[in-house]
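# predicted model follows, preceded by the sequence.
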Amino acid sequence: SLLSLLSPPQIVSIILRIMSSTTVPLSIKFGKETISMDFVVASGVKGLKTELEEKTGVPTDRMKLMAKSKGLWKGVLKDDCDLSSIDFGAALSKVKSGALQILLMGSATKLAAPKAKTVFLEDLPPEEIAKVKEPSGLVNLGNTCYLNSVVQCLRAVDPLRKGLRDFGGGTSQNALFVNALKELYQNLDRTHEAVPPTQFVRLTKMTFPQFNQLTPQGQPMQQDAEEFYSGVLTVAAEETSGKEKIEKAIPGVTDDELKGATNLVDALFGMKMEETLTNKEASEEAPVVSHDLHRKLVCNILGGPQGITVNHLTQGISISLNGEIEKHSDTLGRNAVWSRKQRIARLPPYMVVQFGRFYWKATPDSQDHSGVKCKVMRPVAFSGEFDVYEFCSEEVQKILKASRDKALKEEEERIQAKLSGGDVAMKVPEEEDEEAALQAALAMSMETSEPPVGPGLAQNFQGIYELFAVVTHKGRDADGGHYMGWVKAEKQLASTEKIQDTNEANEDWFVFDDDEVSPCKTEDVLKLKGGGDWHMSYLNYYRAKK
């Protein structure tokens, strides 16, 4: 080999040159800023701090650097730490973002110059105006409000948009449909004016012939928004299979997180459901456990066979996940009554809940005996947050409980520190906030994380989801009426008032009535529980709370 031709001093010299050129990608969190940099390991702690001083204005002697990524140093980085002893390669293999996460604390001594000059709205191109004005609506092309409302809600699912961005399409009907959805989102992003979804509506009717039905007068029939939502996800799942497509939307996702999810849709919306059947007539018979894939939860408004009065979302979900069936028993040699219990064994980053507002009612006395589709007007309340703990499997609950216990302990320690008196009470607010942040960062650098419960979820996720979009239906006719989409604004004010007599933040939302887009508030959305002729929730979209 070539090395055999070199003397020992030459080999050492080559190794030192390689080590001195080794760089590691870092992502430094400093206040509200995130600083990306390639750090030369051989420059050591002094070199790292010097480079950060140039970028942030924080003097090196005031810097406190804590590692958020695993496999680095513990606590605050010391000046005498030998960075060459750290296996940066192993640490990088465990991160999703491709860069090691570090937290920087300290106060800058000089003011930074303005980062951007003032630009007037009228001077911006259309695609930039679309980013700062109210989001654009969709033109109704003839009873297409069911489509418009769902498209606007899914538009707020950023990883889905990322996953579709590089979709190359194909010539199949499904590929053309998904490509049309991608192009529709791109068109919405380019303008603040309403967009006619002509191509997408045409391909929707070609892909799903049931949506091409006409009334006796020759007009397009109103369709079910949930059926359209499920259809979109089914087709998109087929066209986004493969881990490489999932990683475009969820960088660094692992097989351990995916837990069997093989396409982008199931990585974002799919729930692995664990069903347990227990023989109520023969307790000695072993329970039957099986697993299935669901892309939504259902809130049973009718109350199930027990006729329970449903007043809240969680009550209806509990009814739909529990029940009884008749099934053959090997022990008894005949059919028996079994209890059925479904629980979530893999949590998704996004969760959709359908309110069971529509049902089919038999009409044996009618002329055609075909039955009629009815709507349940009953009011069913919901909140801005959705806790899924009680609907999870025992294994998932154990992980969520550990994360919750840890968060509760940290909160108790913070409160105790503030109540302890002494020099803590004498600190000014800025010092107190910095002290609390430092303690939290220290704990973060020392902590061990729980096993993942699903793809794209934060470490130590506690099973809390936040409402970010709603599809509503107005009208008493299940085959008519009108759909609208309600979506939480991407940018919120720094301080938001609470809704009166609640702990809910009254945040900014937009309501999409086809081409008309109007601002609204969280309090307006929470009134969409039903009980009258106004709009009522039909599909609730939740995302994992960070």
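Everything's here; your move.
# buried sites along the helix or strand Val232 falls within?
Element membership of Val232, judged by DSSP states H and E, is helix 225-239. Across helix 225-239, burial judged by 16 or more other C-beta atoms under 10 Å covers 225-226, 228-233, 235-237, 239. Glycine gets a C-beta too; all of them are placed from N, C-alpha and C.
# where do the helices of the stretch 1-150 of the chain begin and end?
All helices of the stretch 1-150 of the chain, identified by DSSP state H, counting those that start in this stretch, fall at 8-21, 44-56, 88-92, 126-132, 145-155.
# averaging pLDDT over each of the ones you listed, which comes out lowest?
Lowest mean pLDDT within the helices of the stretch 1-150 of the chain: helix 8-21, a mean of 51.
# Gly71: neighbour count?
With neighbours defined by other C-beta atoms under 10 Å, the count for Gly71 comes to 16.
# can you report how many residues neighbour the closest residue to Thr240 other than its chain neighbours?
Nearest residue to Thr240, sequence neighbours excluded (C-beta to C-beta, 6 or more residues apart in numbering): Leu264, at 3.7 Å. Residues contacting Leu264 under the criterion other C-beta under 10 Å number 28.
# just checking, Leu264 touches Ala237?
Yes - using C-beta atoms under 8 Å, Leu264 is in contact with Ala237, at 7.5 Å.
# could you find the closest non-adjacent residue to Thr198?
Excluding its sequence neighbours, the residue lying closest to Thr198 (C-beta to C-beta, 6+ apart) is Leu141, at 6.7 Å.
# could you check the pLDDT of the one you found?
pLDDT, Leu141: 97.
# residue contacts, it?
Applying C-beta atoms under 8 Å, 6 or more residues apart in numbering to Leu141 gives the contacts 196-198, 201, 220.
# just the buried ones from those residues?
For the contacts of Leu141, buried by 16+ other C-beta under 10 Å: 197, 201, 220.
# closest one of those to Leu400?
Pro197 (39.7 Å; C-beta to C-beta).
# now the helix ranked longest in the chain, how far from the centre of its chain.
Taking DSSP state H as the criterion, the chain has its longest helix at helix 394-419. With C-alpha atoms, centre = their mean, to the nearest Å as the basis, helix 394-419 stands 22 Å off its chain's centre.
# check which helices and strands it is in contact with.
Secondary-structure packing of helix 394-419 (3 or more C-beta pairs under 8 Å, 6 or more residues apart in numbering; DSSP states H and E): strand 334-346, helix 429-446.
# the first one: which residues count as buried?
When neighbours are counted by 16+ other C-beta under 10 Å, the buried residues of strand 334-346 are found to be 336, 338, 342-346.
# so which elements touch it?
Taking 3+ C-beta pairs under 8 Å, 6+ apart as the contact cut, strand 334-346 packs with strand 271-279, helix 313-321, strand 322-329, helix 394-419.
# give me the angle between the second one and strand 271-279.
Just to be clear, that refers to helix 313-321. Angle of helix 313-321 versus strand 271-279, following axes from the mean of the first three to the mean of the last three C-alpha atoms, to 10 degrees, is 60 degrees.
# where does the stretch 301-450 of the chain dip in pLDDT?
By pLDDT under 70, the low-scoring segments of the stretch 301-450 of the chain are 363-370, 421-449.
# now with 80?
Where the stretch 301-450 of the chain drops to pLDDT under 80, the residues are 304-307, 360-373, 420-450.
# which one is Asp224 nearest to, not counting chain neighbours?
Leaving aside its sequence neighbours, Asp224 sits nearest to Tyr146 (C-beta to C-beta, 6+ apart; 6.6 Å).
# separation between that neighbour and Ala489?
According to C-beta to C-beta, to the nearest Å, Tyr146 and Ala489 sit 23 Å apart.
# these two - which one has more neighbours?
Looking at Tyr146 and Ala489 with other C-beta under 10 Å, you find the greater number of neighbours at Tyr146, namely 23 against 17.
# if I pick that one, what's in contact with it?
Tyr146 touches 222-225, 228, 483, counting by C-beta under 8 Å, 6+ apart.
# any idea how far Phe355 is from it?
Note on Tyr146: its distance to Phe355, by C-beta to C-beta, is 15 Å.
# neighbours of the residue nearest to Ser27 when sequence neighbours are not counted, how many?
Of all residues not flanking Ser27 in the chain, Ala99 sits nearest, at 4.1 Å (C-beta to C-beta, 6+ apart). By other C-beta under 10 Å, 18 other residues sit near Ala99.
# and if you look at Ile499?
Using other C-beta under 10 Å: Ile499 sits among 16 other residues.
# just Phe355 next, same as before
Residues near Phe355, counting by other C-beta under 10 Å: 28.
# ditto for Asp80
6.
# again with the one 3 residues further on
Other residues within reach of Leu83, judged by other C-beta under 10 Å, total 19.
# so what's it up against?
41, 44-45, 48.
# kindly report the same for Ser518.
Neighbouring residues of Ser518 by C-beta under 8 Å, 6+ apart: 134, 510-511.
# pick the one among the buried residues of strand 334-346 closest to Ala175.
Arg346 (27.6 Å).
# how near is the closest residue to that closest one other than its chain neighbours to Asn460?
In this structure, Arg346 finds its nearest non-sequential neighbour in Lys272, 3.5 Å apart by C-beta to C-beta, 6+ apart. For Lys272, the distance to Asn460 equals 20 Å [C-beta to C-beta].
# which one's more surrounded, those two?
Using other C-beta under 10 Å, the more surrounded residue of Lys272 and Asn460 is Lys272, with 21 against 17.
# what's the separation between Glu395 and Phe177?
In this view, Glu395 and Phe177 are 37 Å apart by C-beta to C-beta.
# check Pro59 too.
In terms of C-beta to C-beta, Pro59 sits 57 Å off from Phe177.
# higher neighbour count, these two?
Phe177 (22 against 14).
# check which helix or strand that one maps to.
Counting by DSSP H and E, Phe177 is found in helix 173-190.
# what is the rounded mean pLDDT of that helix?
96.
# burial count for the closest residue to Asp38 other than its chain neighbours?
Leaving aside its chain neighbours, Asp38 sits nearest to Thr23 (4.4 Å; criterion: C-beta to C-beta, 6+ apart). By the measure other C-beta under 10 Å, the count of residues near Thr23 is 13.
# okay but Thr23 is in contact with Val40, surely?
Yes - assessed by C-beta under 8 Å, Thr23 is found in contact with Val40 at 5.4 Å.
# anything in contact with each of the two?
Joint contacts of Thr23 and Val40 (C-beta under 8 Å, 6+ apart) do not exist.
# helices or strands up against the strand or helix carrying Asp266?
According to DSSP H and E, Asp266 maps onto helix 264-268. Other elements packing on helix 264-268 under the criterion 3+ C-beta pairs under 8 Å, 6+ apart are helix 158-165, helix 225-239, helix 243-249.
# that one: which residues count as buried?
Neighbour-count burial for helix 264-268, counted by 16+ other C-beta under 10 Å, picks out 264-268.
# ditto for stretch 486-498
Using 16+ other C-beta under 10 Å as the test for burial, stretch 486-498 gives 486-489.
# re earlier: next up, the contacts around the residue nearest to Arg346.
Lys272 touches 259-260, 291-293, 344-346, counting by C-beta under 8 Å, 6+ apart.
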